[in-house]
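**Student:** got a sequence here, can you model it:
(one chain, ligands or ions: 1)
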Amino acid sequence: MKIVDSAARDRAVARCRERGVLIPTLAQQRDPSGVDRSVAEALVDLDMQTPDPLNLFRITWRNHRGSGGFGAVNALEIPSELTGVRARIVGLVGERFPTGAHKVGAAFGCLVPRLVTGEFDPTTHRAVWPSTGNYCRGGVFDSTLLGCASIAILPEEMSRERFEWLERMGAEIIATPGCESNVKEIFDACWEIRRVRPEAVVFNQFDEFGNYLWHYGVTGPAVMSAYQRLAGPSDRLAGWVSATGSAGTLGAGDYLKQQYPGCRITAAEALQCPTLLQTGFGGHRIEGIGDKHVPWIHNARNTDMVVAIDDESTMRLLRLFNEPAGRDVLLARGVAERDVHELPLLGISSIGNLIAAIKTARWFDLDENDILFTSFTDSVCLYHTRLRELTAERGEYDRVAAEVDFERRLLGVTTDHTRELTYPDRKAIHNLKYFTWVEQQGRSVEELDALWSPAFWTDQQSRIPEWDEAIDQFNADTGALDALRTRTGANQ
Ligand SMILES: Cc1ncc(COP(=O)(O)O)c(C=O)c1O
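**Tutor:** You can find the predicted model right below:
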């Protein structure tokens with residue numbers, strides 16, 4: 001990787017040396033089992049949510065619950081009694097990341113390559129994280145660990161939990177008008193901040209390839225590892241399903257399709273804002289996804305299927321999975337207690353992903369030899385206020401509502417609002433990028449045309465080893481590993 005500004009890089013090295021920041025490579029985030037003993041030992045007693053630089057090593061799908069160490073990829077299989085389909089549906093668990101959502105990895109992928117090449121100077125710049133919530137929380141977390149100042153931009157109607165977390169971290173917050181799907185307002189705030197604050201460096205997850213590449217290089221291999229652990233000899237990795245906010249997570253599908261050519265990629269969105277399905281728009285309640293535009297980093301040509309999810313289903317299932325009456329009904333209907341116990345690991349968009357996976361399974365008539373993977377990006381921990389609001393609006397959740405929601409919103413999921421994409425459909429999604437990115441955000445038509453070429457994406461993918469080399473060199477310059485070994489008395 002080319003050094004962009006060697007003086008800025010020297011300052012970044014000095015800052016990281018001073019703070020004892022050791023940066024993990026993507027290879028280590030993919031498989032942290034071989035991290036230096038000094039790191040592994042220091043992590044044992046360190047809470048994952050503490051803003052300590054060592055927690056950069058916890059940006060991995062392999063955090064072991066309880067031990068403070070690493071283990072198998074955190075994956076949760078949702079049984080057929082709940083999904084109503086024969087195919088197996090497995091979600092990677094985002095709650096077991098610092099901040100309780102995997103977006104902390106996407107933010108790492110955007111910030112670190114610029115830090116280690118001197119493009120971002122932690123002594124003079126401020127990292128700006130535009131988002132609907134989890135990405136800016138991830139960005140603030142990573143910036144704090146890396147000794148960088150930051151600003152979070154998010155819509156004012158996002159869940160209270162997100163704002164409270166940012167306040168606790170002492171982040172500067174800019175709340176933009178509207179809800180989940182008001183991303184244009186976020187982009188406007190980015191232009192304004194660039195204009196008035198020259199120190200601001202915007203890490204726009206919707207067009208930063210660091211976001212895509214982190215998922216390609218870390219989430220994709222994590223799914224493959226979970227598949228290899230769970231699959232029998234005649235099983236198939238049938239698909240990767242992901243609701244798109246920035247479309248970063250969807251990028252894992254590009255990796256998986258290269259490994260398993262039969263793997264389909266399903267992009268999901270809210271029915272109340274069906275941009276991919278119908279060039280539609282609108283507000284909705286699936287926090288974290290569906291923003292009335294096609295992200296620059298969405299590889300539209302490689303997407304096989306588009307599914308729209310009714311946000312009413314996600315809100316009702318959030319209640320079914322978390323209210324006592326809902327859990328009682330699930331147990332009475334034969335769902336195993338250990339499965340019911342795990343359902344709070346699914347936040348609102350995770351439930352959307354589950355529904356999208358069921359639709360994909362139904363569309364392709366998948367059977368017990370097919371395993372569909374998706375992401376359970378965050379958990380109910382960020383939505384307790386939403387549950388309370390639902391109770392205030394609709395009254396206590398009771399058994400009748402639970403029975404109805406289970407039958408209609410889960411077992412009754414159909415293939416409505418689903419489209420298997422033809423070549424022209426994919427091209428139409430790609431073309432829609434024009435209106436956001438060329439007309440509004442300063443991209444050129446030539447750049448847009450380049451995104452249609454598969455070679456563009458494989459070129460991006462080939463950059464990952466260079467990142468790791470640049471991180472290794474940066475760590476060598478800070479001497480952070482030696483310092484840690486001396487501090488912990490571990491020599492390996
Ligand atoms: C809760 C939640 N779900 C889904 C997503 C979508 O992920 P991606 O931006 O990688 O498409 C996000 C993104 O912030 C999110 O916060």
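**Student:** quick check: the residue in the stretch 351-492 of the chain that the ligand sits nearest to vs Gly105, distance?
**Tutor:** Going by Cβ to the nearest ligand atom, the ligand is nearest to Thr377 of the stretch 351-492 of the chain, at 3.7 Å. (Glycine included, C-beta is placed from N, CA and C.) With the distance defined as Cβ to Cβ, to the nearest Å, Thr377 ends up 11 Å from Gly105.
**Student:** skipping adjacent residues, who's closest to the residue of the stretch 351-492 of the chain closest to the ligand in space?
**Tutor:** Closest residue in space to Thr377, ignoring its immediate chain neighbours: Gly94 at 4.4 Å, by Cβ to Cβ, 6 or more residues apart in numbering.
**Student:** could you do Arg162 as well?
**Tutor:** Among residues not flanking Arg162 along the chain, Gly133 sits closest, at 4.1 Å (Cβ to Cβ, 6+ apart).
**Student:** is that neighbour in contact with Glu157, as I believe?
**Tutor:** No. Contact criterion Cβ atoms under 8 Å: Gly133 and Glu157 do not qualify, at 10.4 Å.
**Student:** between those two, which one's more packed in?
**Tutor:** Gly133 (25 against 16; other Cβ atoms under 10 Å).
**Student:** how about that one, what does it touch?
**Tutor:** By Cβ atoms under 8 Å, 6 or more residues apart in numbering, Gly133 lies in contact with 154, 158-159, 162, 287-288, 382.
**Student:** likewise for Val85?
**Tutor:** Going by Cβ under 8 Å, 6+ apart, Val85 touches 358, 361-362, 366.
**Student:** can you list the residues of this protein near the ligand?
**Tutor:** 101, 103, 132-135, 243-250, 287-289, 347, 349, 377-378 (Cβ under 6 Å from any ligand atom).
**Student:** and the closest residue to Trp296 other than its chain neighbours, how many neighbours?
**Tutor:** In space, Trp296 comes closest to Asp207 once its chain neighbours are excluded; the distance is 3.7 Å by Cβ to Cβ, 6+ apart. Asp207 has 20 neighbouring residues, counting by other Cβ under 10 Å.
**Student:** and Asp188, helix, strand or coil?
**Tutor:** helix (DSSP: H, G, I helix; E, B strand; the rest coil).
**Student:** how far away is it from the ligand?
**Tutor:** Plainly put, Asp188 is 19 Å away from the ligand if you go by Cβ to the nearest ligand atom, to the nearest Å.
**Student:** equivalent analysis for Pro344, please.
**Tutor:** Per Cβ to the nearest ligand atom, Pro344 is found 14 Å from the ligand.
**Student:** tell me which residues in stretch 378-389 are buried?
**Tutor:** Within stretch 378-389, the residues that qualify as buried are 378-380, 382-383, 386-387, counting by 16 or more other Cβ atoms under 10 Å.
**Student:** just those: which are in helices?
**Tutor:** 386-387 (DSSP state H).
**Student:** got TSV for the buried residues of stretch 378-389, with distance to Val90 and pLDDT too?
**Tutor:** Output for the buried residues of stretch 378-389, formatted as TSV (distance: Cβ to Cβ, whole Å; pLDDT from 0 to 100):
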residue	distance to Val90	pLDDT
Asp378	17	97
Ser379	16	97
Val380	19	97
Leu382	22	93
Tyr383	22	95
Arg386	25	95
Leu387	25	98
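**Student:** you'd agree Leu256 is up against Ser242?
**Tutor:** No. At 10.9 Å, Leu256 and Ser242 do not qualify as touching, with contact defined as Cβ under 8 Å.
**Student:** can you check the pLDDT for the closest residue to the ligand within the chain?
**Tutor:** Going by Cβ to the nearest ligand atom, the ligand is nearest to Gly288 of the chain, at 2.3 Å. Looking at Gly288, its pLDDT reads 89.
**Student:** next one: the one 10 residues further on
**Tutor:** In this model, His298 is scored at 98, pLDDT.
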